[in-house]
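Enquirer: Model the structure of this input:
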Amino acid sequence: MTGFYDKLHELSNDYQQLFKRRQIIMSFESYLELLRQRPQALTRTASVYLKDCMSHFGGYEVRDGGMPFTRHKIFDTGTFKYGSIIGGERYQNRIYKIIENFARQGYSNKLILLHGPNGSAKTSTVETIARAMQQYSELEQGAVYRFNWVFPAEQSPEMRSKGESGPIGFSPRKALDQSMVSDTSYALLDDQNIASRIHSEFKENPFYLIPMPYREKWMKEWIAIEKGIDPSEVVLPPHVYLSGLSKRNQLIFETLLNAYDGDINKVFRHIQVERFFYSYQYRVGIASVEPQMVVDANEKQLTMDQNIANLPSVLHNISFHEVSGQLVDANRGILEFSDMLKRPLEALKYLLSTIEKSTVSLHTGTAHLDLVFFATTNEKHLDAFKASPDFTAFSGRFALVTVPYLLNVEDEQKIYKREVEILSQTTKIAPHSVELLSLWAVMTRMKQPDVEKYDIKERTLISRVDPLVKAKMYAGRSLQSHMANRDEKSLYKLRDKIVSESLDLVVYEGRFGASPRELKVILSNAAQNPNHSSLTPMAIFEELESLVKNRTIHEFLQFEPRGKYHDAALFIDYIKAEFAEIFANESLKAMNLVDDQEYETLLKRYIDHVVGSLKNEKVYDQKRGTSEEASTKVMSEIEKILDAPQPVEKFRRGLLSRIAASKIDNPNDEIVVSKIFEDFLQKIRDHYHGEKTQVVGKIYNAMLALGTNHESDFSRDDIAAAKMTYDNLEKKFGYTNEQAKACLQFYVTFQAEPEAKA
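Expert: Just a heads-up that it's a prediction; the model follows:
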């Protein structure tokens with residue numbers, strides 16, 4: 001037990017030190033000293049605080065294709081339940097700019113309405129901001145303060161025996177335990193010496209207790225010192241000039257000031273400044289309002305409250321009211337209206353003045369609010385709202401932020417990281433399963449490009465962009481298997497225009513399609529599919545084939561196909577073909593018939609000879625360590641494989657142009673021949689694999705025969721090659737033997753289908 005008590009003692013000491021270091025409780029005098037040192041930080045509005053919070057976490061540049069965006073690290077902090085927000089830099093930058101504008105103008109007068117399809121991370125975005133605010137408020141630079149009114153208890157037995165019960169806080173100083181009270185404040189009294197403590201429900205900033213014009217004068221002086229400028233140059237933000245205090249706090253202040261004959265120092269003795277920390281769970285400066293909840297600030301009179309009964313008699317003439325509700329809880333922070341437009345329109349009309357004026361009307365007066373308003377809604381409800389005659393009145397108070405589904409396959413895969421981690425605890429997950437599911441999902445969200453928006457010379461190329469090509473292009477992948485290198489480069493030059501084509505339209509790209517919520521169900525079902533012992537691409541295919549049959553359930557399945565777009569069933573065929581190609585390449589590499597490095601060496605040797613030939617230079621042979629003349633034989637052999645067009649000299653000069661263009665596009669990158677000529681590398685690889693078709697086919701058959709009665713039909717070398725291929729598929733690519741066999745069976749069957757051959 002001794003060790004247990006030691007741990008408790010250590011915990012107690014640590015928390016005492018943390019409490020003191022954070023300055024959780026202080027007198028008003030101590031707060032003024034802190035305010036003098038950090039006048040701007042301690043008088044921030046909610047919008048300025050939120051901007052500073054986002055800036056605190058920093059950012060870094062990401063590129064969406066060719067377009068640079070700032071990735072704000074605040075969205076990497078994660079929600080309360082899940083990980084970071086994946087992708088979405090475009091709309092996240094929009095949120096930051098809106099908040100930055102609020103901070104610049106000194107007040108937030110619009111509601112930030114995040115709209116998009118279901119499951120596009122609208123709520124998660126707000127939750128991430130809320131969580132980051134909690135973390136930021138734990139830091140010294142994120143400290144925020146509110147205040148309480150404190151009235152000490154009478155400690156003199158003589159006074160009680162005589163029936164003297166002068167107003168608490170006004171009795172002679174000898175009536176107090178002097179060891180428990182500082183010379184200037186009651187703020188640090190122990191609870192046993194406090195008769196009454198009145199909290200400020202609105203969490204008002206204590207600097208509002210400084211009366212004007214001293215508040216203005218002091219703030220200018222302190223900010224001038226902080227900035228190193230003259231006080232006359234300081235322009236104070238508008239909120240500094242507000243009254244700032246709730247009606248209850250203003251009445252207490254004025255009553256005490258009268259009772260003390262204008263001695264404001266004595267009034268300040270009753271102020272206890274308290275540091276608070278934002279909390280989503282306990283609704284401190286952060287609140288979320290569900291659709292079924294009534295949003296308001298409720299007010300009720302206090303009559304039996306012990307705090308009220310113990311107040312000094314001079315305060316008994318004040319009618320004390322308690323204010324509560326989400327608007328009050330969220331004050332000085334953020335308030336989110338979840339699925340806002342599911343509410344009746346009439347229920348939202350009061351928000352017009354609340355948002356625009358940042359005030360809320362109570363029975364006893366009008367209270368100022370310091371809030372950043374967020375709301376979320378889906379597109380169906382927003383469309384209905386736009387059709388309402390009241391939309392015009394609301395639209396001026398809204399800052400609309402579109403939150404679409406992700407259109408980058410690489411990002412889409414990251415969404416399912418947590419699900420994959422959970423599923424992997426009970427089942428094996430084959431390579432490419434999540435990738436193929438993500439590719440299918442992204443294709444369901446694509447819009448057909450409008451060829452009329454492009455130059456005549458570009459239209460033929462644009463018309464060839466199907467959902468698969470578009471999805472690969474958005475992910476920055478190679479398009480070599482779909483089009484010539486020249487066309488690929490031309491298409492990538494148009495990428496930004498293609499991406500931006502529908503950004504400002506009502507029907508924007510990413511508004512429709514498969515939701516990540518639906519895809520998580522697909523993953524779960526695929527992992528439990530009785531036809532498969534683990535989660536494989538084939539299990540994904542089966543679940544998707546089942547999904548597309550339920551057209552009445554999923555809205556995106558109800559669209560009529562347009563060209564090759566909006567055809568979810570066709571996209572299953574696409575990902576099957578993609579996987580067949582992927583597995584073919586991986587299994588061939590696993591056979592070790594030819595080291596893949598040899599293909600790259602052969603390609604590089606060819607390019608070296610082409611360069612030497614055109615520049616009339618000798619070619620260095622690394623194997624021999626000597627230089628030699630460019631060989632026409634070496635070049636011709638490879639050009640035959642590449643099916644190079646005539647005249648061959650023009651073809652060769654085109655290779656140099658491609659290298660030069662790559663260097664211009666990537667000046668800081670080393671020239672990597674295998675990347676620049678990826679299409680050539682694949683042709684060389686396919687050529688040599690084609691020459692070994694019979695060998696490859698025999699190994700495939702041996703792989704399928706392993707463990708069956710047909711194993712004896714193959715030679716010892718064939719069986720050894722089959723086992724080695726299985727081992728390499730596991731070591732190099734992550735397939736279990738059972739998964740590899742199932743994938744091979746799929747590949748062989750797929751290749752035998754007429755559609756696949758076509």
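Enquirer: what about Glu600, which helix or strand?
Expert: helix 596-615 (DSSP states H and E).
Enquirer: er, Arg104 I mean
Expert: Secondary-structure element containing Arg104, defined by DSSP H and E: helix 89-105.
Enquirer: thinking again about what came up before, which is the next helix or strand following the helix holding Glu600?
Expert: Towards the C-terminus, the helix or strand next in line after helix 596-615, according to DSSP H and E, is strand 619-621.
Enquirer: which residues does Leu642 contact?
Expert: With contacts defined as C-beta atoms under 8 Å, 6 or more residues apart in numbering, Leu642 is in contact with Phe680, Lys683, Ile684. Heads up, the C-betas are built off the backbone N, CA and C, glycines and all.
Enquirer: where's it relative to Leu656, distance?
Expert: Using C-beta to C-beta, to the nearest Å, Leu642 is found at 15 Å from Leu656.
Enquirer: before we move on, back to that, average model confidence for the helix holding Arg104?
Expert: The average pLDDT for helix 89-105 rounds to 95.
Enquirer: Give me the angle between the helix or strand following that helix and helix 89-105.
Expert: Following the chain from helix 89-105 toward its C-terminal end, the next helix or strand by DSSP H and E is strand 111-115. Counting by axes from the mean of the first three to the mean of the last three C-alpha atoms, to 10 degrees, strand 111-115 points 170 degrees away from the direction of helix 89-105.
Enquirer: Just the CA trace of strand 111-115, in PDB.
Expert: Once non-C-alpha atoms are left out, strand 111-115 reads as follows in PDB (Å, rounded to 0.1, in the frame of the first residue of the first chain):
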ATOM      1  CA  LEU A 111     -22.800  31.500 -40.300                       C
ATOM      2  CA  ILE A 112     -20.300  29.200 -41.900                       C
ATOM      3  CA  LEU A 113     -22.500  26.600 -43.600                       C
ATOM      4  CA  LEU A 114     -20.700  23.400 -44.600                       C
ATOM      5  CA  HIS A 115     -22.800  21.700 -47.300                       C
END
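Enquirer: what's it packed up against?
Expert: Contacts defined by 3 or more C-beta pairs under 8 Å, 6 or more residues apart in numbering; DSSP states H and E place strand 111-115 against helix 89-105, helix 122-137, strand 372-377, helix 379-386, strand 398-402.
Enquirer: got the angle for that strand vs strand 372-377?
Expert: With the same axes, to 10 degrees as the criterion, the two stretches strand 111-115 and strand 372-377 enclose an angle of 20 degrees.
Enquirer: List the pairing partners of strand 111-115 within its sheet, with orientation.
Expert: Using DSSP bridges, the neighbouring strands of strand 111-115 in the sheet come out as strand 372-377 (parallel), strand 398-402 (parallel).
Enquirer: which one of the ones you listed has the most crowded surroundings?
Expert: Greatest average neighbour count among those goes to strand 372-377 (a mean of 25), per mean count of other C-beta atoms under 10 Å.
Enquirer: Give me the helix or strand of this structure that scores worst on average pLDDT.
Expert: helix 157-161 (a mean of 41; mean pLDDT, DSSP states H and E).
Enquirer: ok, then the element right after that one?
Expert: strand 194-199.
Enquirer: average model confidence for that following strand?
Expert: Within the predicted structure, the mean pLDDT of strand 194-199 is 91.
Enquirer: ok, and for it, which residues are buried?
Expert: Ile194, Ala195, Ser196, Arg197, Ile198 (16 or more other C-beta atoms under 10 Å).
Enquirer: for stretch 482-502, same thing?
Expert: For stretch 482-502, the buried set under the neighbour-count rule, 16+ other C-beta under 10 Å, comprises His482, Met483, Asn485, Glu488, Leu491, Tyr492, Leu494, Arg495, Ile498, Val499, Glu501, Ser502.
Enquirer: will you turn these into JSON lines that also has secondary structure and pLDDT?
Expert: Formatted as JSON lines, these follow (DSSP: H, G, I helix; E, B strand; the rest coil; pLDDT from 0 to 100):
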{"residue": "His482", "secondary structure": "coil", "pLDDT": "88"}
{"residue": "Met483", "secondary structure": "coil", "pLDDT": "89"}
{"residue": "Asn485", "secondary structure": "helix", "pLDDT": "81"}
{"residue": "Glu488", "secondary structure": "helix", "pLDDT": "89"}
{"residue": "Leu491", "secondary structure": "helix", "pLDDT": "94"}
{"residue": "Tyr492", "secondary structure": "helix", "pLDDT": "91"}
{"residue": "Leu494", "secondary structure": "coil", "pLDDT": "94"}
{"residue": "Arg495", "secondary structure": "helix", "pLDDT": "93"}
{"residue": "Ile498", "secondary structure": "helix", "pLDDT": "94"}
{"residue": "Val499", "secondary structure": "helix", "pLDDT": "92"}
{"residue": "Glu501", "secondary structure": "coil", "pLDDT": "92"}
{"residue": "Ser502", "secondary structure": "coil", "pLDDT": "91"}
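Enquirer: nearest to Phe385, of those?
Expert: The closest of the buried residues of stretch 482-502 to Phe385 turns out to be Ser502 (C-beta to C-beta; 21.0 Å).
Enquirer: contacting residues for that closest one?
Expert: Applying C-beta under 8 Å, 6+ apart, one finds that Ser502 lies in contact with Lys447, Tyr508, Glu509.
Enquirer: residue contacts, the nearest residue to Ile719 once chain neighbours are set aside?
Expert: Leaving aside its chain neighbours, Ile719 sits nearest to Ala702 (5.8 Å; criterion: C-beta to C-beta, 6 or more residues apart in numbering). Going by C-beta under 8 Å, 6+ apart, Ala702 touches Glu711, Phe714, Asp718, Ile719, Ala721, Ala722.
Enquirer: Need the buried ones from these selected in ChimeraX.
Expert: The command below creates a ChimeraX selection of those among these that count as buried (16+ other C-beta under 10 Å):
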select :714,718,719,721,722
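Enquirer: could I get the contacts of Ala702 as TSV with distance to Ile98 and secondary structure?
Expert: Formatted as TSV, the entries for the contacts of Ala702 read as follows, by distance: C-beta to C-beta, whole Å; DSSP: H, G, I helix; E, B strand; the rest coil:
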residue	distance to Ile98	secondary structure
Glu711	67	helix
Phe714	68	coil
Asp718	66	helix
Ile719	66	helix
Ala721	62	helix
Ala722	61	helix
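Enquirer: Just give me how far stretch 70-80 sits from the chain centre.
Expert: For stretch 70-80, the gap between its own C-alpha mean and the chain's C-alpha mean amounts to 5 Å (C-alpha atoms, centre = their mean, to the nearest Å).
Enquirer: Can you give me the first-to-last residue distance of that stretch?
Expert: The separation between the terminal residues of stretch 70-80, taken as C-alpha to C-alpha, to the nearest Å, is 23 Å.
Enquirer: So which bits of it are buried?
Expert: Applying 16+ other C-beta under 10 Å to stretch 70-80 flags Arg71, His72, Lys73, Ile74, Phe75, Asp76, Thr77, Thr79 as buried.
Enquirer: just stretch 664-681 next, same as before
Expert: Neighbour-count burial for stretch 664-681, counted by 16+ other C-beta under 10 Å, picks out Val673, Ile676, Phe677, Glu678, Asp679, Phe680, Leu681.
Enquirer: For the third one, which non-adjacent residue is spatially closest?
Expert: When the adjacent residues along the chain are set aside, Phe677 lies closest to Leu603, with 6.2 Å between them (C-beta to C-beta, 6+ apart).
Enquirer: List the contacts of the one you found.
Expert: When contacts are counted by C-beta under 8 Å, 6+ apart, Leu603 is found next to Ile638, Val673, Ser674, Phe677, Phe680, Leu681, Ile684.
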